[in-house]
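Asks: got a sequence here, can you build the structure:
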Amino acid sequence: MDLTLSPQEEAFRDELRSWLEENHPGPEPEGDEAAFEFRKDWQRKLADASYAGLSWPEEYGGRGATLIEQAIFNEEMVRAKAPMSANVLGLVMGGPVVIAHGTDDQKGRYLKPILTAEEIWCQGFSEPESGSDLASLKTKAVKSNGEWVVTGQKVWTTYAHQAKWCMLVARTDPDVPKHKGLTYFLMDMEQDAVQVRPLRQVTGEAEFNEIFMEEARIPDENVVGGVGNGWGVAITTLMHERAGLGFGSAVALKIALGELMDEIRDRGLDDDPVIRQRIGQLYIEAECLRLNASRGLTQIMKTGIPGPEGSLVKWQWSDSNQGLTELAMDIRGPEAPLVDDHWTYRFLRARANSIEGGTTEILKNIVAERVLGLPRLR
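Replies: Numbering: from 1, shown residues only. I've put the predicted structure just below:
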């Protein structure tokens, strides 16, 4: 693809930069609750300017922006160090899935509250024994009197403690092959039969949670994509999750790399040949990440839907971000584990990168089989 911006794309970028300069809310406040409310306010401001669901069709509250404009938006948000939106999972996955697979009634009910952060969404996929092998999940849903009764457990559920709706995949038919017996639901989290328990991370945060469902109720109209079609809808969800990573991640990596280079100079280590080599390698990886994101964007523009190429971008970002934070720890030497600052936080938080959003091992298999066309091992 041609990576040169067209006059229209340059005009969009300039408009966005001006808007961010005028509307940037400043740094986030400390404290989980205060920061979350801050992000909700910020997302409402984005929604008022039709930036929250930028690539959504105009009829659903978006701008109908092109994929390239969405990529520009992601890059500029990172460059401006703007806050994240509160309803990331709803914007990146929930909304696109409802637009692609939902009924007209579902689109009318769910899309606007996603954009405005009025209703927060979470993703109920992983289970204690079904993480990367999603099709082996055991949470079951049984039809009863026009609704579905759900019993089971989910884990690693980001923002479940804040969420109104859960994108839930459950087994509705145990007698067919495991991929074919799944159904995709929208489950109301605000019911007594749903219990959320936080999981404290090594960073001290608790953004992940366990969900326990004991005969939770889901009306039949909250099935997305039809009964038994949950696997295909879930794949759409995951492809949108990984497709959105590349451009903003590449910019964020280069910004962080620049900050680390400043610290290396301050410590008088900028002439160290080993450190210079590691810095050079990280810069190359950041540029490869950007170019592979562009390659994935080209494929989406051909097919209209995200493909397996997003798995490569997510894998590359995980490795590069971990490598960056490991270098930050190394240049500090023995004091590194004792210093509590943003680099310590980044190092600890990066440990999850190769697990969350698909483990690196699974992503390598996807790239090998579905991008390179290599034979399956089994």
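
Asks: quick one, strands of the stretch 201-350 of the chain?
Replies: With DSSP state E, counting those that start in this stretch as the criterion, the stretch 201-350 of the chain has strands at 208-219, 223-224.

Asks: just these: most buried one?
Replies: Sort these by mean neighbour count, taking mean count of other C-beta atoms under 10 Å, and strand 223-224 sits at the top with a mean of 26. Every C-beta, even on glycine, is put in place using the N, C-alpha and C of the backbone.

Asks: parallel or antiparallel, list what pairs with that strand.
Replies: Sheet pairing for strand 223-224, assigned by DSSP bridges, gives strand 182-188 (antiparallel).

Asks: for the strand it pairs with, what is the average pLDDT?
Replies: If you average the pLDDT over strand 182-188, you get 98.

Asks: following it, which helix or strand shows up next?
Replies: Sequence order places strand 194-199 as the next helix or strand after strand 182-188, per DSSP states H and E.

Asks: check which residues of stretch 265-275 are buried.
Replies: Using 16 or more other C-beta atoms under 10 Å as the test for burial, stretch 265-275 gives residue 275.

Asks: before we move on, what about stretch 340-353?
Replies: In terms of neighbour count (16+ other C-beta under 10 Å), stretch 340-353 has its buried residues at 343, 344, 346, 347, 348, 349, 350, 352, 353.

Asks: my guess is the third one contacts residue 327. True?
Replies: No - in this structure residue 346 lies outside contact range of residue 327 using C-beta atoms under 8 Å: 11.0 Å.

Asks: mind listing the helices for the stretch 101-250 of the chain?
Replies: For the stretch 101-250 of the chain, applying DSSP state H, counting those that start in this stretch gives helices covering 104-115, 230-243, 246-266.

Asks: out of the ones you listed, which gets nearest to residue 34?
Replies: The closest of these to residue 34 is helix 104-115. By C-beta to C-beta, the value is 22.2 Å.

Asks: next, the buried residues of the closest one.
Replies: 106, 107, 109, 110, 111, 112, 113, 114, 115.

Asks: what is the mean pLDDT for that helix?
Replies: The predicted model gives helix 104-115 an average pLDDT of 97.

Asks: just the CA trace of that helix, in PDB.
Replies: What follows is helix 104-115, C-alpha atoms only, in PDB (Å, rounded to 0.1, in the frame of the first residue of the first chain):
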ATOM      1  CA  ASP A 104     -31.600  -3.900  14.200                       C
ATOM      2  CA  ASP A 105     -33.000  -3.900  17.700                       C
ATOM      3  CA  GLN A 106     -29.700  -4.700  19.200                       C
ATOM      4  CA  LYS A 107     -28.000  -1.900  17.300                       C
ATOM      5  CA  GLY A 108     -30.600   0.500  18.400                       C
ATOM      6  CA  ARG A 109     -30.300  -0.500  22.100                       C
ATOM      7  CA  TYR A 110     -26.600  -1.000  22.600                       C
ATOM      8  CA  LEU A 111     -24.500   1.200  20.300                       C
ATOM      9  CA  LYS A 112     -25.100   4.700  21.600                       C
ATOM     10  CA  PRO A 113     -24.500   3.900  25.300                       C
ATOM     11  CA  ILE A 114     -21.200   2.300  24.300                       C
ATOM     12  CA  LEU A 115     -20.100   5.500  22.600                       C
END
